[in-house]
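> coords below, sequence missing:
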Ligand SMILES: [Zn+2]
């Protein structure tokens with residue numbers, strides 16, 4: 001039995017939508033999206049504003065609205081970015097310098113590829129309040145064991 005069955009996410013298979021906060025039940029129902037600032041000089045601009053959302057108009061970026069703000073949206077089915085090959089796609093974005101702030105894409109990689117991180121993220125604020133992160137280094141917050149501890153101790 002999975003100890004997290006009730007109101008839990010299936011690790012690496014379900015996520016919380018960055019727009020509506022509801023569960024994305026499976027990768028096929030998800031969407032990874034971002035945008036680029038449009039450069040008048042046509043220079044290649046790097047991606048930013050990465051989000052994991054439901055694949056429906058209600059949750060996705062409004063392409064026309066962003067275009068009015070000189071932003072060009074880009075996106076792809078979420079199932080393209082899960083599993084080993086999904087990881088390869090995301091890592092290449094970093095290697096070939098396609099992202100404005102690598103911290104953004106690294107966070108997306110953790111959410112898609114590190115078990116329990118996505119769900120634990122929801123309770124990081126409580127862990128923070130309880131002082132669980134005191135004395136952490138740049139790795140501890142993101143490990144699977146930390147996420148499991150958070151879910152076992154701080155999940156409501
Ligand atoms: Zn949504």
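Everything's here; your move. Please read all numbers here as calculations on a predicted model, not as lab measurements.
> Around the ion, pick out the residues from this protein.
17, 19, 20, 54, 59 (CB under 5 Å from the ion). Where you see a C-beta, it was placed from the backbone N, CA and C, and this is true even at glycine.
> Contacts only, for the second one.
When contacts are counted by CB atoms under 8 Å, 6 or more residues apart in numbering, residue 19 is found next to 51, 53, 54, 58, 59, 60.
> One more pass at 10 Å, please.
By CB atoms under 10 Å, 6 or more residues apart in numbering, the residues touching residue 19 are 31, 33, 51, 52, 53, 54, 56, 58, 59, 60, 61.
> Same question for the fourth one.
By CB under 10 Å, 6+ apart, the contact set of residue 54 is 15, 17-20, 22-25, 29-31, 60, 78.
> any low-confidence regions in the chain?
For the chain, the stretches with pLDDT under 70 are 1-6, 40-43.
> 80 instead?
1-7, 39-44, 156 (pLDDT under 80).
> contacts for stretch 58-69?
So stretch 58-69 is in contact with 17-22, 24, 30-31, 33-38, 49, 51-54, 57, 71-75, going by CB under 10 Å, 6+ apart.
> hmm, back to that, what two of the contacts of residue 19 are the furthest from one another?
Greatest spacing in the contacts of residue 19, by CB to CB: 52 and 58 (14.8 Å).
> Of those two, which one has the most company?
Between residue 52 and residue 58, residue 52 has the larger neighbour count (other CB atoms under 10 Å), namely 23 against 9.
> So the more buried one, which state does it fall into?
Put simply, residue 52 is strand when judged by DSSP: H, G, I helix; E, B strand; the rest coil.
> now the helices: where do they sit in the protein?
Counting by DSSP state H, the chain has these helices, from start to end: 63-68, 83-95, 102-113, 117-121, 124-129, 144-154.
> any idea which of the residues of the chain next to the ion is closest to residue 107?
Lowest distance from residue 107 to the residues of the chain next to the ion (CB to CB) belongs to residue 17, with 15.3 Å.
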